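> Whatever this is, show me its structure:
(one chain, ligands or ions: 1)
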Amino acid sequence: MNFEYLLYMIPGLLLSLFAQAKVKSAYSKWSQVRNYHNLTGMDTAEQLKPRVGLENVKVTRTKGTLTDHYDPRNDTLALSQGVADQPSVAAMAITAHELGHAMQDKTSYGPMRLRSAIVPLVSFGSNIGIFMVMIGVVLSMANLAMIGVILFSSTAVFSLITLPVELDASKRARQMLDQTGLVANEEERKGVKQVLDAAAWTYVAGLATSILQLLYYISVAGRASGRRR
Ligand SMILES: [Zn+2]
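Predicted coordinates for the structure are as follows:
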């Protein structure tokens, strides 16, 4: 690791720390607040599924804290223990957010499909891309370095698409909870919003980090042409 790389990474790192702090404070606050209907994450999923046409979604438990996710490959919603079994405002918000992803999957929401489609390109491009930039710089092959940058840029594209996917899942979550009446009052509505907004910051930080990383490799690749002169 070198000093220039650190300079590029610091803003993203600070933003990530800020996002983590926001998530932690929102979750620790609202996971202590019981929701009006006394529903755990499991109960919330049971209540919401038939009312929003997601009967096909299977709900399981997964280890860890805030490890909740939806897997479109097998239509499975995995809830972390704190979410699955605690009747809190946070559990309700997080479960609804993951069901938001299930709904995106069901309705073939464009950005989600695009994100899944570019996963192979991203896993290839992130590793090979950096390698090509480095080789390009060492051998003063500007074109090779530039192709490396283009391949690596797929990671920033991925983060860029992730943002609307996540914001949309949270929007769907809030609509679901409102329309089905699971959110009983303003206080709960506020709690749900705080939990989901905090989570969104994580993806903003992820996007900033991958853009800064891309800028760093663009600057490195620039040296491949610089050396030749
Ligand atoms: Zn999500």
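> if I look at the residue positioned nearest the centre of the chain, how far off is the ion?
With distances taken as Cα atoms, centre = their mean, Y203 lies nearest the centre of the chain, 5.0 Å away. Applying Cβ to the ion, to the nearest Å, the value for Y203 to the ion is 8 Å. Where C-beta positions appear, they are placed from N, C-alpha and C, glycine not excepted.
> now that residue: how far from M112?
14 Å (Cβ to Cβ, to the nearest Å).
> Now for the closest residue to A142 other than its chain neighbours, how many residues are close by?
Leaving aside its sequence neighbours, A142 sits nearest to S225 (Cβ to Cβ, 6 or more residues apart in numbering; 3.8 Å). If you count neighbours by other Cβ atoms under 10 Å, S225 ends up with 16.
> buried ones in stretch 189-196?
Within stretch 189-196, the residues scored as buried using 16 or more other Cβ atoms under 10 Å are G191, V192, K193, Q194, V195, L196.
> how about the last one, what does it touch?
L196 makes contact with A93, H97, S170, A173, R174, according to Cβ atoms under 8 Å, 6 or more residues apart in numbering.
> can you rerun that using 7 Å?
By Cβ atoms under 7 Å, 6 or more residues apart in numbering, the contact list for L196 reads A93, H97, S170, A173.
> Farthest pair within those residues?
Greatest spatial distance among the contacts of L196 (Cβ to Cβ): A93 and S170, at 8.5 Å.
> Mind jotting down where the helices sit in this protein?
Ranges of helices in the chain, per DSSP state H, are 3-30, 41-51, 81-84, 89-106, 110-138, 142-179, 186-226.
> T209 contacts G12, doesn't it?
Yes. The criterion here is Cβ atoms under 7 Å, and T209 meets it with G12 at 3.4 Å.
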